[in-house]
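J.: give me coordinates for this.
(chains A and B)
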Amino acid sequence: MKKRTTWLALLLGAIPFITLVLALPLVNRVEPLILGLPFLLFWILAWVILTPVILWLAYLAERRCRRSDDGEAP
Amino acid sequence: MNTALLIIFGTIVGSAMVGIFAGRRVKMNLENWTVGGRQFGILIIWLLMAGEIYTTFTFLGASGWAYSKGAPAFYILVYGALAYTLSFFILPAVWRAGKKHHLHTQPDFFIKRYDSRTLGVLVALIGVFSIIPYLQLQLAGLGLIVEVASGGAIGSGWAIGISFVLTCAFVYTSGLKGAAWVAVIKDVLMILAVAIVGLGVPIIYFGSYDAFFRRLMEKMPHHLVFPGSTPDMDVLWVMSTILLTGLGFYMWPHVFSSAYSARSDQIIKRNAIIMPLYQIPILLVFMVGFTALLVIPGLENSDMAFLELVKQTYPPWFLGFVGAAGAVTAMVPAAILVLYAATLLVKNVYQTAFRPQAKEVTVMRLSRIMVLVIMAVALALAIFFPNELVNLLILGYDGVCQFFPGVVLGLFWKRATRTGVLSGLLVGSVTVAVLILGGFDPVFGLNAGFVGLVINAAVTVGVCLVTRPTPREQMLAD
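T.: Below is the predicted model of the structure:
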C-alpha cells in the first residue's frame, strides 16, 4: 500500500493545534495593538490566515514522499 | 409594496428556482440525490461546505456573542481552521471508503466498517436528534431576519412558511445538487453583506479601525480578552470548546456526507487547504458586534445586534438586501440538514432495522416524503417553541462529537471493534447528557462535551484492546 501521509505533513498539521489552542493562555492580552487589532485577536487571525499556507506545505510534503515511493516501486 | 420586501421576496424565490432547475437534467436516483452523483469539483465543494458552515448562527449568533460576551466569541473564528486541518488528513480516507463501498450517509460508514446494524441505527438516531434543533434554529433565525428586514411587513410565521415550501421544493426535486447551486447565490450575497457592513460600520462611526479598537479598549478593557464579559468562559473553556467543535465539525452527518459528493479524494484534500480562508469574514461579523456594543448598547436580545445596527446605519433597501442574504443563508443549511435527516431516518433506521430488502427506489421515494415530514416538524417547533431548543442544539453538537473516535479509529486502526465503538459512544453520550441536563456545564472550567469525548475515547480504546475484531471487521478495515 502506498503511504498516504508523512511525518513531516503530520508535524505541519500539528502547528495550528499548538498555536490556536495550546498557546492561548500565553497570548490572552490586549496590548500591543498590531495593525490596529488587539494582540489576542491579531494572533488568532494571523494563524487562521497562515493555516492554508501550512496545509499547502503539508500537501507538497506528501506529494514529494509519494513520488519518491513511486520511484522505488518496481 | 416596499423595496426591502421586493428584494427579499425576489431573492428567495429566485434562489429556489435555481435550486429546482439544478436537478432537471439529471435522472434522480439515491446516488444523485444524496451525494450529487459524486461529481462535484473543487469550486462547488468549497461553496457547498461553506454553505453548511455559514448558517444564521454565524450571521446573528457570532455578532451577538461578540456583542454580549466578547472574546469567548473568538472560538467561532478558530475552530473552523482546526476542523479543516483535521479534514486534510481524515476526509480523503472517508471519501475513499465511501467510493469503494457506495456509501451515502454517515451511518452507512459505521454499518460497513463495523459490520453492525445496531451501531448504524444508533448513529442515525443520534444524528437525527442532533439535526432537528439545528434545522429549527435556521427556520427561527430566518423568520426573525425577514420580519425585521421587511420592517414588519412580513410576519415571522409567514416568512418561515414561504421559505419552508420553497426549500422543500428544491430539496425534493434536485437533492444535494439543488442545495449546492443555491449555496453559490447565498455565498455571494452573504460575503457582500458581511463585507459592506463589517468594513463599513467601524469607519462610519469612528473614522478608522485603530480609533475603533482604542475606543472599545478604553470603554471595556476586559471585553477583548478571555473570559470577556462572561463569568465562566475563561481560557480553559475556550480551549476545550475549540477542540470539541473542531474535532466534532466533520462529524455532523450532513457535513460528513457532503465529502462523498466530491469527484476525487484529491479534490477533498485541496479543498481542505483553501477552506480556512472562509473563516476571515467571521472577523468582520465580530466587528459589527463590537461596533453595535459601542453604538447601541443595552439591547435586550443580543442576537439582534447585527440587524439593529444595519437598520440604524443604512437605508431601508439595504436592510432588505441584508435580510435577503440572511434568508438564503438559512435556506441552504436547512435544505442540507433536512435532506440528510430524511435519508438517515429512511435508509438507516427504516431500511437497516426493519426492511433490509427494501429497494433503492422505495428508499428514495420515502426519503423525499420524509423531507416534507421533518420540515413540517421543524416548522411547528420553530413557530411554537422559538427559544426553547437552543439548549438542545448545544446538546446536538456534543452528541455528534461522540462519533469522532468511531470514525477516526475505524479509518486508521485495524484493531477497532464494534463493541469498543458502541461502548464508547454510549458512555460518552450518557456522560454528556447527564452533565448538561444536570446543569454541570462547564465542568471545572472545561466544556462538558469535551469531557464526554475524552471519556468516550478512553472507553473505546480500552474495550477495543480487550476485544478481538471479527474476521469480517478485519477484512473491512482495509
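J.: may I ask which helix or strand encompasses the closest residue to residue B:301 other than its chain neighbours?
T.: Nearest-residue entry for residue B:301: residue B:64, 7.9 Å, with adjacent residues in sequence omitted and distances by Cβ to Cβ, 6 or more residues apart in numbering or on different chains. Yep, even glycine has a C-beta here, placed from its N, CA and C like the rest. Assigned by DSSP states H and E, residue B:64 falls within helix B:62-68.
J.: residue B:27 looks like it's in a strand, true?
T.: No: counting by DSSP: H, G, I helix; E, B strand; the rest coil, residue B:27 is not found in a strand; it is coil.
J.: and the gap between the closest residue to residue B:264 other than its chain neighbours and residue B:35?
T.: Nearest residue to residue B:264 in three dimensions, chain neighbours excluded: residue B:95, at 7.7 Å (Cβ to Cβ, 6+ apart). Using Cβ to Cβ, to the nearest Å, one gets 10 Å for the distance from residue B:95 to residue B:35.
J.: and residue B:157, by the same measure?
T.: To residue B:35, residue B:157 is 34 Å away according to Cβ to Cβ.
J.: equivalent analysis for residue A:32, please.
T.: With Cβ to Cβ as the criterion, residue A:32 and residue B:35 are 49 Å apart.
J.: again, but for residue B:99
T.: Taking Cβ to Cβ, one finds residue B:99 at 10 Å from residue B:35.
J.: again, but for residue B:337
T.: Taking Cβ to Cβ as the criterion, residue B:337 is separated from residue B:35 by 15 Å.
J.: for residue B:232, which three-state class applies?
T.: coil.
J.: who's in contact with it?
T.: By Cβ atoms under 8 Å, 6 or more residues apart in numbering or on different chains, the contact set of residue B:232 is B:442, B:445.
J.: could you say which helix or strand contains the residue nearest the centre of chain A?
T.: Per Cα atoms, centre = their mean, the C-alpha nearest to the average position across chain A is that of residue A:54, at 3.8 Å. Element membership for residue A:54 (DSSP H and E) is helix A:39-72.
J.: what mean pLDDT does that helix have?
T.: Across helix A:39-72, the average pLDDT comes to 87.
J.: just the CA trace of stretch B:23-43, in CSV.
T.: The C-alpha trace of stretch B:23-43 is given here as CSV (Å, rounded to 0.1, in the frame of the first residue of the first chain):
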residue,chain,number,x,y,z
GLY,B,23,-31.6,18.9,-10.9
ARG,B,24,-33.7,19.0,-14.0
ARG,B,25,-31.3,17.3,-16.4
VAL,B,26,-30.3,14.6,-14.0
LYS,B,27,-32.2,11.3,-13.6
MET,B,28,-32.8,11.3,-9.8
ASN,B,29,-31.6,8.2,-8.0
LEU,B,30,-30.4,7.9,-4.5
GLU,B,31,-26.8,8.4,-5.5
ASN,B,32,-27.5,11.7,-7.4
TRP,B,33,-30.0,12.9,-4.8
THR,B,34,-27.9,12.4,-1.6
VAL,B,35,-24.3,12.8,-2.8
GLY,B,36,-24.7,14.7,-6.1
GLY,B,37,-23.5,11.6,-8.1
ARG,B,38,-20.0,12.0,-6.6
GLN,B,39,-19.3,14.5,-9.3
PHE,B,40,-18.6,17.8,-7.6
GLY,B,41,-15.4,19.7,-8.5
ILE,B,42,-13.3,21.8,-6.1
LEU,B,43,-15.2,25.1,-6.5
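J.: enumerate the residues of chain A near chain B.
T.: A:4-5, A:9-10, A:13, A:16-17, A:20-22, A:24-25, A:28-30, A:33, A:36-38, A:40-41, A:44-45, A:47-49, A:51-52, A:54-56, A:58-59 (Cβ under 8 Å from any Cβ of the partner chain).
J.: what about 6 Å?
T.: Within chain A, the positions adjacent to chain B are A:13, A:16, A:20-21, A:24-25, A:28-30, A:36, A:38, A:40, A:44-45, A:48, A:51-52, A:55-56 by Cβ under 6 Å from any Cβ of the partner chain.
J.: close enough to count as contact, residue B:379 and residue B:164?
T.: Yes: proximity of residue B:379 to residue B:164 meets the contact threshold set by Cβ atoms under 6 Å, at 5.2 Å.
J.: picking that back up, counting neighbours, what do you get for the residue nearest to residue B:301?
T.: Neighbour count for residue B:64, taken as other Cβ atoms under 10 Å in any protein chain shown: 22.
J.: repeat for residue B:439
T.: 7.
J.: which phi and psi does it have?
T.: phi 80, psi 30 (degrees, to the nearest 10).
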